[in-house]
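Trainee: Got a sequence here, can you model it:
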Amino acid sequence: MRSYLVRRTVATVGTTWLVATFIFLMVHMLPGDPAIMILSSKDETPTLEAVAAMRHRLGLDQPVTVQYARWFMGMLKGDFGRSLMTDRPVAQDLGMRIPRTISLLIPSLPLSVLLGIPLGVVSALNRGRIWDPLVSTIALIGVSTPAFVSALLLVLFFAINLRLVPSSGYVPLADDPVVFARHAILPVISLTLGPMAVIMRMTRSAVLEQIQMDYVRTAWAKGLTERVVIYKHVLKNALIPVVTIIGLSLGSLFSGSVVIEAIYNWPGLSSLLLRAVAYRDYPLVQGTILVVAVGFIVANLVTDLSYGFLDPRIRYN
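Mentor: The predicted structure follows:
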């Protein structure tokens, strides 16, 4: 297991470096000059001298290789540079926004798993009965409905018609946990529905496939109870493809949070990234995308390691 862990960790470090380099190159290929955009917000017609001075102050007049080396070395020390918009350290802006986005993602993914897997098992075990088409219909609706549509419907029903929760806004958790929860409940539900439906469908398919295996018939022939057969044997083997879907669901949560944060006026990481792209804020765009990319990479690493625990044969491949 140790060698498997080392191999996966080394591969993760290499992937992170490649992703960081790709992000740097792609951001610098964006059209528009940050110096002109910064000066244009203060002066309608910036002079060439002013633009040249701003580019020199920002280090944009240096060769791309020099800019990359300076950015990469700073990144290794946790220094992502200073924002071109706010002139604050990028790490400071990220430190304010990341917890707000995580506060939506942390409950969304566990809820998706805790609801999706049991419902998928129930649907598979009741194939041909009323529970199977009911759960399958719920999963189909969840997969087919875009996040922004479900978010708007939730706002219309719970916030506008019933007036149970606020329609938008954000209150820090430290200021008032109850008000924070009331503002967060609709965004969390909106982010949960899609991944829950996908996990539900995959669990159903995986359980149905495993039930047909020879080892399950042997377990029944040995007189094992249904609980032991399903939850100790069938579900454990069925979880391998489900774990893959769970890892991919984290990506859909990140992408879905862009729309959800905009609809619910939630000041998280996604809204910061959109504003940074609009202003060609290279350091802030690079830092934000890198944080999201590292989140994906870590999620994939955890998913790969979980394969080794679910199926010991994978550790030696």
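Trainee: isn't His28 right up against Pro63?
Mentor: No: with contacts counted by C-beta atoms under 8 Å, His28 stays clear of Pro63, the gap being 11.2 Å. The C-beta positions use only the backbone N, C-alpha and C, and glycine is treated the same way.
Trainee: between the two, which one's more packed in?
Mentor: Neighbours were counted for His28 and for Pro63 using other C-beta atoms under 10 Å; His28 has more, 16 against 8.
Trainee: So the more buried one versus Gln286, what's the distance?
Mentor: 9 Å (C-beta to C-beta, to the nearest Å).
Trainee: so Met85 is in which element?
Mentor: Using DSSP states H and E, Met85 maps to neither a helix nor a strand.
Trainee: Point out where the chain drops to low pLDDT.
Mentor: Applying pLDDT under 70 to the chain picks out residues 1, 4, 41-44, 308-317.
Trainee: what's the burial count for Ile106?
Mentor: When counting by other C-beta under 10 Å, one arrives at 12 neighbours for Ile106.
Trainee: does it sit in a helix or strand, and which one?
Mentor: Here Ile106 is assigned to helix 90-125, by DSSP H and E.
Trainee: List the buried residues in the helix or strand that that helix is followed by.
Mentor: With elements assigned by DSSP H and E, the helix or strand that comes after helix 90-125 is helix 131-144. By 16 or more other C-beta atoms under 10 Å, the buried positions in helix 131-144 come out as Asp132, Val135, Ser136, Ile138, Ala139, Gly142.
Trainee: Stretch 112-132 now?
Mentor: Using 16+ other C-beta under 10 Å as the burial criterion, the residues of stretch 112-132 that qualify are 112-113, 115-117, 119-125, 132.
Trainee: Can you redo these as CSV, where the extra columns are distance to Met75?
Mentor: Listed next are the buried residues of stretch 112-132 as CSV, based on distance: C-beta to C-beta, whole Å:
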residue, distance to Met75
Ser112, 32
Val113, 32
Leu115, 38
Gly116, 36
Ile117, 38
Leu119, 42
Gly120, 41
Val121, 44
Val122, 47
Ser123, 46
Ala124, 46
Leu125, 50
Asp132, 51
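Trainee: Identify, from these, the entry nearest to Lys232.
Mentor: Of all the buried residues of stretch 112-132, Val121 has the smallest distance to Lys232: 13.0 Å, by C-beta to C-beta.
Trainee: and that closest one, what is it in contact with?
Mentor: Contact analysis of Val121 by C-beta atoms under 8 Å, 6 or more residues apart in numbering lists Thr203, Arg204, Val207, Ile230, Leu235.
Trainee: what two of those have the greatest distance between them?
Mentor: The largest separation in the contacts of Val121, counting by C-beta to C-beta, is between Arg204 and Ile230 at 13.0 Å.
Trainee: higher neighbour count, these two?
Mentor: Arg204 (26 against 21).
Trainee: Which strand or helix spans that one?
Mentor: With secondary structure defined by DSSP H and E, Arg204 is part of helix 177-211.
Trainee: can you pull the buried residues of that helix?
Mentor: Buried, per 16+ other C-beta under 10 Å, within helix 177-211: 180, 183-208, 210-211.
Trainee: and what of stretch 71-80?
Mentor: Buried residues in stretch 71-80 (16+ other C-beta under 10 Å): Trp71, Met75, Asp79, Phe80.
Trainee: Stretch 147-162 too?
Mentor: Across stretch 147-162, burial judged by 16+ other C-beta under 10 Å covers Ala147, Ser150, Ala151, Leu154, Val155, Phe158, Ala159.
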